[in-house]
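S.K.: Show me the folded form of this:
(chains A and B)
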Amino acid sequence: MATDRRTDIGPPNYERFLPPIIKSNYGKWKYHEVLKPGVMVHVGESGDKLFTVRAGSPRLLSIKTLRRFADLADKYSGGHLRFTSRHNVEFLLTDASRIEPLIEELSRLGFPVGGIGNAISSIVHTQGWVHCHAAATDASGIVKAVMDDLYEYFTERKLPGKLRVALACCLNMCGAVHCSDIAILGVHRRPPRVEHENLNKLCEIPSVVASCPTAAIRPATVQGKPSVEVEENLCMFCGNCFSVCPAMPLADPLNDGLSIWVGGKVSNARTEPMFSKLAIPYLPNNPPRWPEVVAAVRNIVEVWAQGARKYERMGEFIARIGWPRFFKLTGIEFAKEHIDDFKHAGLTYKRSAQLRH
Amino acid sequence: MTDSGNNGTPLLDELEKGPWPSFVTEIKSMAADNKMCQDLLGQLEKSYREKRGYWKHGGIVGVMGYGGGVIGRYSFLADEFPNVAHFHTFRINQPAGWFYTSDAIRTLCDIWERHGSGLTNMHGSTGDIVFLGTVTDEIEPTFKELSENDFDLGGSGSDMRTPSCCVGPARCEWACCDTLHLTYDLTMHFQDELHRPAFPYKFKIKCAGCPNDCVASCARADLSIIGTWRDEIQIDQAEVKAAVDGGLNIHRDIYANCPTRCIEWDGHELKIDNANCVRCMHCINAMPKALRPGKDRGATILVGSKAPIVEGALLSSVLVPFMKLEPPYEELKGLIERIWDVWGEHGKARERVGEFIQRVGLGNFLEAIELEPLPEMIAHPRENPYVFYEEYYEEGDEDEEEEE
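M.R.: Here you go, the predicted structure:
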């Protein structure tokens, strides 16, 4: 049995899947232009032209939809397609006259073309209630509601610069949302409820104690059983104890919710990469369409879209106008939660008299 | 017994409205043929009603001989939704750059139709193809079919996670290194580290072809490889003129956005002070026909980025300001192995390499991995005077320095 198992073979070599035009122009592209929303052309030093049509996707795709994409690739792009780092699907065409028919067919199937250039691209996100044990909220549902609302900014190019939105359903941040123009982050706000009955069976107590970055967890004997106790005023709801020990659940419908972070980027263009900063500490978890989150994101996008200069990302815009004006323009109330009190918090205090009045 | 059959999914149905493609529609499209999807809808509707998740904390499942690649998932509501009592996830190593043929997509779909829910993520955050939801008994048969069709699993747990990269030279004129080849090569070279978790925690590698960093390597890779160049930006003066004639305002759009103001336009000729250019990409992004990265290309190697858990989020910081990247990439592989040796020996459980460096200090880490300290590695020298000198003289010490 073990002899006919193939292991450690690695992924298929990508060269098998490259279209002929890419093989012959590999590393020899000269420039590209965005022709219209969701469509760009790459021109090779050879003069060859490769047309890319990008469509948004919910990331969670059934095999039925994937087979439809495969059929479209056969019909329009020589059987070749790819996906982007933000879950969009791309068809790679050599015949410009096939672009419009492909866009029409994608639209009929419900997949919008866009997301290139000064636009919002698909929202990078996590599993949420569809598949995760640690989620403070759903992921796909909020993404769907926000993208329905910001749809025009995907299918058109009318924003000052790129808009990268990401969502993580807890602080583990499987989507590494912490460097996004706008990050939507699920938060817990109730300390773990220790399941004393099970804890010593499921977890190693020293590991649970060591897992806490604020030393809020101590060994304790509760009802005659070895367990732990939590000093609740030291808990910052990171969930790391739950990651190492299932008997420390934080999820709680009364207290879980969403926070909104702004101004991060990963590109080095103009300014160095930056983290997103807290804009709204808490919004209610309100399925199925999270109207408070949708409205908050739209409000921040509109303030940026109206105030930013050409190319200016959210974080660059806020750096220019200053945080006080950001809070004023968005109408977001500034509160104690906005002020950092974790490690190196003092570096985030304003340490000059350079203020706008 | 499912909720979805009897009571419908009124809350989830709200997410089939609106113009953006709906994940609910995707799940529903499978529910007629697949009981797992019916019960997934039922459990998810209940989550929407009760505002909480119902998945258990994981569990140890996998394929023979591997320690990673399958994430165990069980439902708290096995009685109510028995078809998702087990709902395990496969991570399947994607082809570099996420290129596929229609046949490859169909092969994956056929396998997943036979063995699981028929639901996927294209792709997971780390880059893998994700097959969402199957039962324990289907894991080994799924893996068998995948490997027969030249697909292998990705990483999970405390191992090297599946490396990923941007589209690179396959379709981008800015690629300063062959991101696809490098990613494939590293993935093949480190198969053991990918499949058999032996590290203190996860280790992610991401390769971006230029400083635009389309795979966010600086934010979410323990080792970030970011293509760059060290000679002069290539200028096509005729295309600069054409861009200006087309409405580009070089002073406002380019010069004012240049972080070191190293670009000048006198109305006839564009000049760049390349010695002061920090390779930010803005001018090249704004004038893709007129400007191109230089010809002496390689990458900046950075280390340590991660999301907040445990000790706070980190961005990667510079380890090697410039490295040529040509196959077989011996210098890079040697560096990666030295990092793993030091971190593997001294890192604590669940301590990412970035947190390890914070704990021991970058200077000590550099000594351990045999790299010289360089000013490119820091934003500025230390501001505090608390230097940990490691040696001092005693009265009467012999002068051990060699006499000339």
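S.K.: In chain A, which residue sits furthest out from the middle?
M.R.: residue A:224 (44.7 Å; Cα atoms, centre = their mean).
S.K.: Alpha carbons of stretch B:139-157, as PDB, please.
M.R.: Only the C-alpha atoms of stretch B:139-157 are listed here, as PDB (Å, rounded to 0.1, in the frame of the first residue of the first chain):
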ATOM      1  CA  ILE B 139      -9.200  12.100   3.300                       C
ATOM      2  CA  GLU B 140      -6.800   9.500   2.100                       C
ATOM      3  CA  PRO B 141      -8.800   8.700  -1.100                       C
ATOM      4  CA  THR B 142      -8.900  12.400  -2.000                       C
ATOM      5  CA  PHE B 143      -5.200  12.700  -1.500                       C
ATOM      6  CA  LYS B 144      -4.600   9.600  -3.600                       C
ATOM      7  CA  GLU B 145      -6.500  11.100  -6.500                       C
ATOM      8  CA  LEU B 146      -4.900  14.500  -6.100                       C
ATOM      9  CA  SER B 147      -1.400  13.100  -6.200                       C
ATOM     10  CA  GLU B 148      -2.200  10.800  -9.100                       C
ATOM     11  CA  ASN B 149      -3.100  14.100 -10.900                       C
ATOM     12  CA  ASP B 150       0.200  15.800  -9.900                       C
ATOM     13  CA  PHE B 151      -1.300  17.900  -7.100                       C
ATOM     14  CA  ASP B 152       0.100  17.800  -3.500                       C
ATOM     15  CA  LEU B 153      -1.000  19.300  -0.200                       C
ATOM     16  CA  GLY B 154       0.000  22.600   1.200                       C
ATOM     17  CA  GLY B 155       1.200  23.500   4.700                       C
ATOM     18  CA  SER B 156      -0.600  23.900   8.000                       C
ATOM     19  CA  GLY B 157       0.500  24.000  11.600                       C
END
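S.K.: That one near chain A at all?
M.R.: Yes. Judged by Cβ under 8 Å from any Cβ of the partner chain, stretch B:139-157 and chain A are in contact via B:144, B:147, B:148, B:150, B:151, B:152. To be clear about C-beta, it is placed using only N, CA and C from the backbone, and glycine gets the same treatment.
S.K.: So of these, which two are at opposite extremes in space?
M.R.: B:144 and B:150 (12.6 Å; Cβ to Cβ).
S.K.: Give me the pLDDT for the residue nearest in space to the middle of chain A.
M.R.: Taking Cα atoms, centre = their mean, the centroid of chain A lies closest to residue A:166, which sits 2.2 Å from it. At residue A:166, the pLDDT value in this model is 97.
S.K.: Correct me if wrong, but it is in a strand.
M.R.: Yes. If the criterion is DSSP: H, G, I helix; E, B strand; the rest coil, then residue A:166 is within a strand.
S.K.: mind listing what the nearest residue to it once chain neighbours are set aside touches?
M.R.: The shortest distance from residue A:166 to any non-neighbouring residue, by Cβ to Cβ, 6 or more residues apart in numbering or on different chains, is to residue A:177 (3.7 Å). Residue A:177 makes contact with A:124, A:166, A:167, A:168, A:183, A:184, A:185, A:261, A:276, B:307 under the criterion Cβ atoms under 8 Å, 6 or more residues apart in numbering or on different chains.
S.K.: what's the last one sitting at in phi/psi?
M.R.: Just to be clear, that refers to residue B:307. Dihedral angles phi and psi of residue B:307 (degrees, to the nearest 10) take the values phi -80, psi 180.
S.K.: before we move on, what about the first one?
M.R.: In this entry, residue A:124 is assigned phi and psi values of phi -70, psi 130 (degrees, to the nearest 10).
S.K.: So residue A:6 is in contact with residue B:149, correct?
M.R.: No. Between residue A:6 and residue B:149 no contact is recorded; they are 10.0 Å apart, counting by Cβ atoms under 8 Å.
S.K.: all strands of the stretch 101-250 of chain B, in order?
M.R.: Using DSSP state E, counting those that start in this stretch, the strands of the stretch 101-250 of chain B run over B:119-122, B:129-132, B:164-165, B:205-208, B:223-229, B:234-235.
S.K.: Ignore what I typed, I meant the stretch 251-357 of chain A.
M.R.: With DSSP E, counting those that start in this stretch as the criterion, the stretch 251-357 of chain A has strands spanning A:257-262, A:277-284.
S.K.: list the buried ones in the last one?
M.R.: Burial within strand A:277-284, assessed by neighbour count using 16 or more other Cβ atoms under 10 Å in any protein chain shown, is assigned to A:277, A:278, A:279, A:280, A:281, A:282, A:283.
S.K.: now the strands for the stretch 1-150 of chain A?
M.R.: Using DSSP E, counting those that start in this stretch, strands in the stretch 1-150 of chain A cover A:29-36, A:39-44, A:49-55, A:60-62, A:80-83, A:89-93, A:124-125.
S.K.: List the neighbouring strands of the shortest one plus their orientation.
M.R.: What it means is strand A:124-125. Paired neighbours of strand A:124-125 in the sheet (DSSP bridges): strand A:165-168 (parallel).
S.K.: what does the fifth one give?
M.R.: Partner strands and pairing direction for strand A:80-83 (DSSP bridges) are strand A:89-93 (antiparallel), strand B:99-101 (antiparallel).
S.K.: and those strands as CSV, adding mean neighbour count?
M.R.: Output for those, formatted as CSV (neighbours: other Cβ atoms under 10 Å in any protein chain shown):
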stretch, mean neighbour count
strand A:89-93, 24
strand B:99-101, 25
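S.K.: Tell me which of these sits nearest to residue B:174.
M.R.: Using Cβ to Cβ, the strands paired with strand A:80-83 put strand A:89-93 closest to residue B:174, at 17.2 Å.
S.K.: so for that closest one, what's the average pLDDT?
M.R.: 98.
S.K.: ok and that strand relative to strand A:39-44, angle-wise?
M.R.: 50 degrees (axes from the mean of the first three to the mean of the last three Cα atoms, to 10 degrees).
S.K.: Return the set of buried residues in stretch B:360-371.
M.R.: Buried-residue list, stretch B:360-371, by 16+ other Cβ under 10 Å: B:360, B:362, B:365, B:366, B:368, B:369, B:371.
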